[in-house]
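>>> Would you be able to build a 3D model of this:
(one chain, ligands or ions: 1)
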Amino acid sequence: MTKPTNQKLSPATRLAQALHFYDAQTGAVTPPIQPAATYARDTDYVPRKPYNYRRDGNQTTAQAEAIIADLEDATESLLFASGMSAANAVIEHLPNGAHVVVPKVMYHGVLNQFKMYHARNRLDVSYYAAGDLDELAAAVRTGETQLVWAESPNNPDWEVTDITAAAEIAHDAGAKLVTDCTGTPPCATRALDLGADISFHSATKYLNGHSDITAGVLSVRETGQYWDDIWTVRNLQGTVLHSFDAWLLIRGMRTLFLRFEKATQNAMAIAKHFEGHLKLTAVRYPGLPSHKGHAIAKRQTGGQYGGMMSILVKGGEQAAIDVARFCEVFYPATSLGGVESLIEHRKTVSGEGFPVDPTLLRLSIGIEDADDLIRDLEQALARAEN
Ligand code: PLP
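Reported below is the predicted structural model:
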């Protein structure tokens, strides 16, 4: 249960208290985990709750969905077992041959889904350079395009897309805009406010923040047949987020604002320290005034740029891999948005054929002491032959 109040509370307060949750029977301030696979009907043979069976959803997951919907100011949110399954539900609900427009470079898993559906003629896919509104406008087909996908900031180059402008282009063509703002979650970027129709996040990342679940979420203001169809894909595929993971997500989200603020402070300190570094050819971080999308990022995040950045290492691919290998505080691991800092050689992780600079290292900056992270990178750069 959540206790009603007439006080106007900030999103940070509502999130910290999981919408002021308490258990009606015991007063417990944390929600229970409801793991049932099936539900007994009442004596009139009517389901007691909107769930008959595990794949329909469950109370704990619905609680997490309510919290995210509140944060996004959405009418409804749907949680999935991973970001990839949430993205797949959006793709799968489209009719055969639907025209969609997606970035040429974005998170490789989602891009590969579009490419696979394209190769099988299930979808007709056009591509645009991430953040390039002219290319986006040229790629949409009025009256034909059904969906535009934008990832901002995009992986792993951190190009920023003006979501409001992209929404206008999509809407003028009669298409819906889906945004993936996993790198700047709704404590920073409220994509629905900016004009997106579906706000998608890999909740594995900042929303959960502790690298101990995978989850994906879709949030919308306007429901209707398309939203029912997306729900049906989740139901058919059985990809609703498990209640144990929903519980961990609720716990993780309580500290989202704190974690994200600290990650932003750390990332800013690291980006400033390494910008112009002798052993690097570039630092890509939207928080830096020198970043070409800085002004848009500032507007869209309120200055909360988050912890995601990339550095390009002098000396070639092996030198970059060596820097990742020689780090002792950063974990040499994929993923992002956790409390612990991660470093990865993106070309190794995204696989052959993905358009990424071979000297690029993606950093997910956590909440540790920034000086420890700077020292660690400095010693790794000094050891690597570059
Ligand atoms: N979108 C972005 C920007 C991501 O970084 C990821 C995962 O790294 C995904 C989507 C996919 O999410 P998941 O790993 O939860 O399936």
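
>>> who does the lowest-mean-pLDDT helix or strand in the chain touch, helix- and strand-wise?
One helix or strand of the chain scores below all others by mean pLDDT, DSSP states H and E: helix 346-350, with a mean of 94. Counting contacts by 3 or more C-beta pairs under 8 Å, 6 or more residues apart in numbering; DSSP states H and E, helix 346-350 is packed against strand 360-364. Bear in mind the C-beta positions are built from the backbone N, C-alpha and C, glycine included.

>>> can you pull the buried residues of the next helix or strand after the strand it packs on?
Next along the chain after strand 360-364, taking DSSP states H and E as the criterion, comes helix 370-383. In terms of neighbour count (16 or more other C-beta atoms under 10 Å), helix 370-383 has its buried residues at 370, 373-374, 376-377, 380-381.

>>> Could you check how far the closest residue to the ligand within the chain is from Pro47?
The nearest approach of the chain to the ligand comes at Gly83, 2.2 Å away (C-beta to the nearest ligand atom). In this structure, Gly83 and Pro47 are 30 Å apart, going by C-beta to C-beta, to the nearest Å.

>>> between those two, who's got more neighbours?
Neighbours were tallied for Gly83 and for Pro47 using other C-beta atoms under 10 Å; the higher tally belongs to Gly83 (23 against 13).

>>> right, and that one touches Ser202 too?
Yes - under the criterion of C-beta atoms under 8 Å, Gly83 lies in contact with Ser202, with a separation of 2.9 Å.

>>> Can you pull the residues that touch both of the two?
Both Gly83 and Ser202 are in contact with 182, 214-216, where contact means C-beta atoms under 8 Å, 6 or more residues apart in numbering.

>>> of the residues you listed, list those near the ligand.
182, 214, 216 (C-beta under 6 Å from any ligand atom).

>>> possible to save these as CSV with neighbour count?
Shown next, in CSV, are those (neighbours: other C-beta atoms under 10 Å):
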residue, neighbour count
Thr182, 28
Thr214, 20
Gly216, 28
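
>>> Now the residues you listed in CSV, please, with extra columns for pLDDT and distance to Ala282.
Converted to CSV, those look like this (pLDDT from 0 to 100; distance: C-beta to C-beta, whole Å):
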residue, pLDDT, distance to Ala282
Thr182, 98, 22
Thr214, 98, 31
Gly216, 99, 31
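
>>> quick one: which of the residues you listed sit in strands?
Among those, the subset assigned to strands under DSSP state E consists of Gly216.

>>> Spell out which residues of the stretch 1-150 of the chain are next to the ligand.
For the stretch 1-150 of the chain, the residues in contact with the ligand (C-beta under 6 Å from any ligand atom) are 82-84, 107, 109-110.

>>> Among those, which are located in strands?
Among those, no member falls in strands (DSSP E).

>>> Now Ala81: closest residue in space, sequence neighbours ignored.
For Ala81, ignoring the flanking residues on the chain, the nearest one in space by C-beta to C-beta, 6 or more residues apart in numbering is Thr239 at 4.7 Å.

>>> List the contacts of that neighbour.
Shown here is Thr239, whose contacts under the criterion C-beta under 8 Å, 6+ apart are 80-82, 85-86, 88-89, 233.

>>> same thing but at 10 Å, please
Taking C-beta atoms under 10 Å, 6 or more residues apart in numbering as the definition of contact, the neighbours of Thr239 are 55, 78-82, 84-86, 88-89, 216, 233.

>>> just Lys176 next, same as before
Shown in contact with Lys176 (C-beta under 10 Å, 6+ apart): 90, 100, 145-149, 167, 170, 196-198, 220, 222, 226.

>>> repeat that for 7 Å
146-147, 170, 197-198 (C-beta atoms under 7 Å, 6 or more residues apart in numbering).

>>> Looking at those residues, which one is closest to Leu258?
Comparing the contacts of Lys176 against Leu258 with C-beta to C-beta places Ile198 closest, at 27.5 Å.
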